[in-house]
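Student: I need the structure of the sequence given here:
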Amino acid sequence: MIFVVEVPHQGEPRAWFAYDEEDLLIKVAEGDPLQPWEIHDVATPREWLQLLGEDASDPTVAERLPGVWSMAQAHGLDTPLYRADHVLGTAYLQVEPVSLQQACEAALMARLQPADAAIADPSALRELGIWWSEQAAVLASEDTQEPLFAGAGGWRAWHALREQLLALDVVAES
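Tutor: Purely as a prediction, here's the structure:
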């Protein structure tokens, strides 16, 4: 499981979890202005053509779909191309892999905003913690030096994570 603690500028911290990276993408996309496929996607030019109902062997496809065709010419029809707008920029594609973990983390980090931005966007976060496994979350909850918990009011974030861990029976009440 993956654990997230969000600390808003106003209000109480909130902890939540995702079963895996795919579940994380679904949950991150719920609170993100981007579509899931803008947060993270991987597809080949051939797959794009198929989605558009086109055949790569059609001689007119280059004229009708110059953008897709130029990607096919540059990288090949079957080369995976990665999109992760919070990591790479809007609609940018690259051959180098961007993991789903990197993309989701960047989407969550984009929610961190200065206090004055929270006036315009009440969902803006002051701080954020992400732990990629149950073990990492438990260790963080026991670490007195964990930055998210060490600062002023950090006990509220610690409490939110601890309650989430208890609710999922990851740790026992002590």
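
Student: So which bits of the biggest helix by length in the chain are buried?
Tutor: When the chain is parsed with DSSP state H, its longest helix is helix 154-167. Buried residues in helix 154-167, counted by 16 or more other C-beta atoms under 10 Å: 154, 157-162, 164-165. (Each C-beta comes from the backbone N, C-alpha and C, glycine too.)

Student: And those, which is closest to Leu24?
Tutor: Taking C-beta to C-beta as the measure, Leu24 sits nearest to Gln164 out of the buried residues of helix 154-167, at 14.4 Å.

Student: who's in contact with the closest one?
Tutor: Counting by C-beta atoms under 8 Å, 6 or more residues apart in numbering, Gln164 makes contact with 3, 5, 15-17.

Student: So of the residues you listed, which two are at opposite extremes in space?
Tutor: Farthest-apart pair in the contacts of Gln164 is Val5 and Phe17; separation 10.2 Å (C-beta to C-beta).

Student: thinking again about what came up before, list only buried entries from the contacts of Gln164.
Tutor: Neighbour counting over the contacts of Gln164 (16+ other C-beta under 10 Å) leaves 3, 5, 15, 17 as the buried ones.

Student: Mind checking which of those residues land in strands?
Tutor: 3, 5, 15, 17 (DSSP state E).

Student: The protein: strands as residue ranges?
Tutor: Under DSSP E, the chain gives strands at 2-8, 14-18, 41-43, 81-83, 93-94, 125-131.
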